[in-house]
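> Okay, here's the prediction I keep looking at, along with the sequence it came from:
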Amino acid sequence: MEKKTWITPFKKQCFVTAGVCLNMAGHGIVIGFAAILLPQLKKPGSLIPIDDSSGSWIASIPGFALVAGNFIVSTIMAKCGRRTANLISIIPMLVGWFCILTANSIPLLLVARFLQGLSMGISCSLGPVLIGEYTSPRNRGAFLTMISLSIATGVLIVHTMGSYLSWQTTALVCAFIAFIDLIIVIYSPESPSFLADQGRYEECKTIFRWLRGDNEEEELQRMIEAAIIVREAKLEVNIDQSIGKKIRNGVSYFRAAIKKKEFYKPILIMIHIYTLGQWAGATILASYTIDIFHNVIGPDVNVALMIITLDTQRIISNACAVFVIRKVKRRTMLFVTVGINLFAFLATAAYTYAKTHGMLPFDHPLIGLALIHVHMFSIATGTVPLPFIIAGELFPLEYRSLAGGISVLFLSTNLFIIVKTVLFLFNTVGVHGAYCIYAGIVTYCLFIAWKFLPETKDRTLQDIEDEFRGRPLSPEELQSMESLTSWKLKSRDRRCSSLVI
């Protein structure tokens, strides 16, 4: 026993979190892979010749498939478990990479990218849930911040490899990374929360203590007690109900929910925040990095070095944002970083327009490089991490799953639209015209956020919900919400105690 004391609960949490983070890094790898795949396919003598139209489909189709993955993930998580859902999400990613390795036509590339987008859609909602349920409260915040860092690291890895290796070799390495992730997830346990929800209380206690040690027994006890109450309440509600009645009840629940301010107001806000996050330029810089460097700086640059330095800056800025966000209010952080983002858009548009029309009295590649880095700084510190942080604080607990799913639908739709139209806009209105359009969309979304987004930092979820509702819950509403819990606790106190002890 003494020999194994070095395997602490924290190290076990690091191990299981690594499986989640490698999966999330796959997001950055898939999005960034387009930036090295498309230029190589456009070269003369390419194995799969493409034009701008087919290239835009190859780059954007993961965003379309992400919608499908987002729709099916909740069912998989609830029926099969978190660990099983994580395993399922890795399989299409692996199949996608092997399809790319063997691809000799555009349709096969599209199928591969669709499968990868499906995987992204599943893990997008699953990742934060798994980390939240695996890790202890004192480590949870640090582990959750690893999601955005993992995505940024994935972009850096694929861009670095693609700058010096062929797209086939790069795909092989990416498949190997996904395979390592699969091995880690296979040896990871199921989430204790899911086991408790399924009534598998002994397994829940065993896994919980394996992950957390013996110092968090109070949380374990409360989790099992709550699971017993909720599980039995569900069984009583669903007993003798036909499928048709369950569907009617679900429809009635949704119709009642959409009339509540605490339901539709956060959705309205998050639709605009997610839209802002996508059109601010993160996906553009990840998927069309070489095109932007050529248009803004010029063709005579060391593109490989420029890409690596840009992705490195993104990781550093993202890491800095973790500490800044803990100190600065959400609204302040949003307005400052998006303000920098708008400056970068408009300054780059003015610079490229003047450069194209020979209106610059002085020019140097460092000017364009500086503008791109300012743009990336605004993305990494604000428009990428903030939407997910605000979403976690904005939705009421009762509607978090439903409202979050509706909002993420707009995230994936905007991802598809923006990647699909990048080259079209660059070729028709130029970089300056495209950047002005992006700036206009971001400005509109920022105005909506200024008008409706409340400050959420250091506030309880109930306080935020009450602000959306316009009033606190009435005593009657509180009583109706708590009556079932109180009744169950009183009537099953002995059984709960015997199960936990």
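Received, thanks. Numbering: from 1, shown residues only.
> in the protein, what residue sits furthest out from the centroid?
Centroid-distance maximum for the chain: Pro361 at 43.3 Å, with C-alpha atoms, centre = their mean.
> what helix or strand is that residue on?
If you go by DSSP states H and E, Pro361 is not part of any helix or strand.
> mind checking how far it is from Gly430?
As judged by C-beta to C-beta, to the nearest Å, Pro361 and Gly430 stand 21 Å apart. Placement of C-beta: from N, CA and C, glycine included.
> Contacts only, for the closest residue to Cys204 other than its chain neighbours.
Residue nearest to Cys204 in three dimensions, not counting chain neighbours: Leu195, with 3.9 Å by C-beta to C-beta, 6 or more residues apart in numbering. Leu195 is in contact with 201, 203-204, 207, counting by C-beta atoms under 8 Å, 6 or more residues apart in numbering.
> State the pair within those residues that is farthest apart.
Tyr201 and Ile207 (10.9 Å; C-beta to C-beta).
> and Ser105, how many neighbours?
By other C-beta atoms under 10 Å, 10 other residues sit near Ser105.
> hang on, isn't Ser188 packed against Thr17?
No - contact criterion C-beta atoms under 8 Å: Ser188 and Thr17 do not qualify, at 9.3 Å.
> Out of these two, name the residue with the larger neighbour count.
For Ser188 versus Thr17, the count of surrounding residues by other C-beta under 10 Å is larger for Thr17: 25 against 22.
> for that one, what are its contacts?
Thr17 makes contact with 131, 134-135, 143, 146, according to C-beta under 8 Å, 6+ apart.
> so which strand or helix has the residue nearest to Cys204?
Assigned by DSSP H and E, Leu195 falls in helix 192-197.
> Counting by contacts, list what the very next helix or strand once past that helix packs against.
Once the chain leaves helix 192-197, the next helix or strand it forms, by DSSP H and E, is helix 201-212. If contacts are counted by 3 or more C-beta pairs under 8 Å, 6 or more residues apart in numbering; DSSP states H and E, helix 201-212 sits against helix 9-41, helix 192-197, helix 217-238.
> Tyr353 is nearest to which of those helices?
The nearest among the helices and strands packed on helix 201-212, by C-beta to C-beta, is helix 9-41 at 24.1 Å.
> Now do the buried residues in that closest one.
9, 12-13, 16-41 (16 or more other C-beta atoms under 10 Å).
> Also stretch 45-59?
Going by 16+ other C-beta under 10 Å, stretch 45-59 has these buried residues: 48, 50, 54-59.
> Please apply the same query to stretch 138-148.
For stretch 138-148, the neighbour count (16+ other C-beta under 10 Å) marks 139-140, 143-148 as buried.
> re earlier: closest to Pro92 out of the contacts of Leu195?
Distances from Pro92 to these, taken by C-beta to C-beta, are shortest for Ile207, at 26.7 Å.
> what's around the closest one, how many residues?
20.
> What's the separation between it and Leu130?
13 Å.
> secondary structure element for the residue nearest to the spatial centre of the chain?
Nearest to the geometric centre of the chain sits Cys124, at 4.6 Å (C-alpha atoms, centre = their mean). Assessed by DSSP H and E, Cys124 sits inside helix 106-134.
> Mind giving me the packing neighbours of the next helix or strand after that helix?
Going down the chain from helix 106-134, the next helix or strand is helix 137-164, by DSSP H and E. With contacts defined as 3+ C-beta pairs under 8 Å, 6+ apart, helix 137-164 has these neighbours: helix 9-41, helix 106-134, helix 167-186, helix 303-327, helix 385-394.
> and Leu453, which of those helices is closest to it?
Leu453 sits nearest to helix 385-394 of all the helices and strands packed on helix 137-164, at 7.4 Å, using C-beta to C-beta.
> List the buried residues in whichever helix or strand comes after that closest one.
For helix 385-394, the succeeding helix or strand toward the C-terminus, using DSSP H and E, is helix 400-428. Of all the residues in helix 400-428, those buried under the rule 16+ other C-beta under 10 Å are 402-404, 406-420, 422-423, 425-426.
> Measure how helix 400-428 sits relative to helix 385-394, angle-wise.
Helix 400-428 runs at 160 degrees relative to helix 385-394, counting by axes from the mean of the first three to the mean of the last three C-alpha atoms, to 10 degrees.
> mind saving the C-alpha coords of the helix or strand that comes right after helix 400-428 as PDB?
Following helix 400-428 in sequence order, the next helix or strand is helix 430-452 (DSSP H and E). Output of helix 430-452 as PDB, limited to C-alpha atoms (Å, rounded to 0.1, in the frame of the first residue of the first chain):
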ATOM      1  CA  GLY A 430     -11.600  42.000 -50.400                       C
ATOM      2  CA  VAL A 431     -10.100  41.600 -46.900                       C
ATOM      3  CA  HIS A 432     -11.000  45.200 -46.100                       C
ATOM      4  CA  GLY A 433     -14.700  44.700 -47.100                       C
ATOM      5  CA  ALA A 434     -15.000  41.400 -45.200                       C
ATOM      6  CA  TYR A 435     -13.400  42.900 -42.100                       C
ATOM      7  CA  CYS A 436     -15.800  45.800 -42.200                       C
ATOM      8  CA  ILE A 437     -18.800  43.300 -42.400                       C
ATOM      9  CA  TYR A 438     -17.400  41.400 -39.500                       C
ATOM     10  CA  ALA A 439     -16.900  44.600 -37.500                       C
ATOM     11  CA  GLY A 440     -20.500  45.600 -38.200                       C
ATOM     12  CA  ILE A 441     -21.900  42.200 -36.900                       C
ATOM     13  CA  VAL A 442     -19.700  42.300 -33.800                       C
ATOM     14  CA  THR A 443     -20.800  45.900 -33.100                       C
ATOM     15  CA  TYR A 444     -24.400  45.000 -33.300                       C
ATOM     16  CA  CYS A 445     -23.900  42.000 -30.900                       C
ATOM     17  CA  LEU A 446     -21.900  44.200 -28.500                       C
ATOM     18  CA  PHE A 447     -24.800  46.700 -28.400                       C
ATOM     19  CA  ILE A 448     -27.200  44.000 -27.500                       C
ATOM     20  CA  ALA A 449     -24.900  42.800 -24.700                       C
ATOM     21  CA  TRP A 450     -24.500  46.400 -23.400                       C
ATOM     22  CA  LYS A 451     -28.300  46.700 -23.400                       C
ATOM     23  CA  PHE A 452     -29.300  43.400 -21.800                       C
END
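> can you list contacts of helix 430-452?
265, 268-269, 272-273, 275-276, 279-281, 284, 292, 295-296, 331, 334-335, 338, 341-342, 345-346, 348-350, 352-353, 356, 422, 425-426, 429.
> tell me which residues in that helix are buried?
For helix 430-452, a neighbour-count test (16+ other C-beta under 10 Å) marks 430-432, 434-436, 438-439, 441-442, 445-446, 448-449 as buried.
> And for stretch 318-335?
Those would be 318, 321-322, 325, 330-331, 333-335, for stretch 318-335 by 16+ other C-beta under 10 Å.
> can you check stretch 82-96 too?
82-83, 85-90, 92-96.
> and if you look at stretch 125-136?
125-131, 133-136.
> So if we follow the domain assignment, how does the chain break up?
Structural domains assigned to the chain are 1-216, 257-474, following automatic domain parsing.
> Dump those domains into TSV; add distance to Ile229 as well.
Converted to TSV, those look like this (distance: least, C-beta to C-beta, whole Å):
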stretch	distance to Ile229
domain 1-216	11
domain 257-474	16
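> can you redo the ones you listed as a markdown table with distance to Met223 and mean pLDDT?
Below are the domains of the chain laid out as a markdown table (distance: least, C-beta to C-beta, whole Å; pLDDT from 0 to 100):
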| stretch | distance to Met223 | mean pLDDT |
| --- | --- | --- |
| domain 1-216 | 5 | 86 |
| domain 257-474 | 15 | 84 |
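> Could you pull up the residues touching Met306?
293, 297, 369.
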